[in-house]
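In: the following block contains a protein sequence and its predicted model.
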Amino acid sequence: MKRRRIDPGAHEYAVRMAQVLPPEDRRRLQLSYRMAFERMRAGRADGDNAATLGTVANIALVLAERTGNSDVGLAIVKTAQNALLHAANRKERLGLDHYTLAGPGISAVAKLLDLHDLQLEQHTARQFRDAIEEAARRVRAGDVLEVVTP
């Protein structure tokens, strides 16, 4: 009979994954995407900032799809994705050095970030891990927003 090694930290890991992210982890994530948003709103966002917001949109989309009564969440995400694509297209079309949001785009992405803040409070670490993996799979397949950085 083959003996299996038991990971002594497996139980602790399983418990952590079944809980929502701790407040300090949520704040760290929120700071990252809120700073990217402020830079884009001010017209100073670089490719990393645009990619951060695109990633948030992709993860929020997967979480909204997996949540019951997700119509409102999906509409928020789709509107924000359109605003981010418009910013990327505008940068390319005008030959700008930075990404920028204006008018309705600012409001759309702000609503996305508010939605994602709620998702961070309501979903477990396992649900986030699964959503990140699914969003990455979709990006590789070309199925979701991917802001290509120069």
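Out: Looks like it arrived, so ask away. Numbers count the residues shown, from 1 in each chain.
In: so where is this structure shaky, pLDDT-wise?
Out: Along the chain, segments meeting pLDDT under 70 span 1, 8-18, 69, 144-150.
In: helices of that one, start to end?
Out: In the chain, the helices defined using DSSP state H lie at 10-17, 23-41, 47-65, 71-94, 104-122, 125-141.
In: could you dump those into TSV and include mean neighbour count and distance to Lys2?
Out: In short, each C-beta sits where N, CA and C put it, glycine included. Listed next are those as TSV, based on neighbours: other Cβ atoms under 10 Å; distance: least, Cβ to Cβ, whole Å:
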stretch	mean neighbour count	distance to Lys2
helix 10-17	11	18
helix 23-41	15	38
helix 47-65	22	38
helix 71-94	17	47
helix 104-122	17	42
helix 125-141	15	29
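In: reformat those as JSON lines; add distance to Arg4.
Out: Below are those laid out as JSON lines (distance: least, Cβ to Cβ, whole Å):
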{"stretch": "helix 10-17", "distance to Arg4": "11"}
{"stretch": "helix 23-41", "distance to Arg4": "31"}
{"stretch": "helix 47-65", "distance to Arg4": "33"}
{"stretch": "helix 71-94", "distance to Arg4": "41"}
{"stretch": "helix 104-122", "distance to Arg4": "35"}
{"stretch": "helix 125-141", "distance to Arg4": "23"}
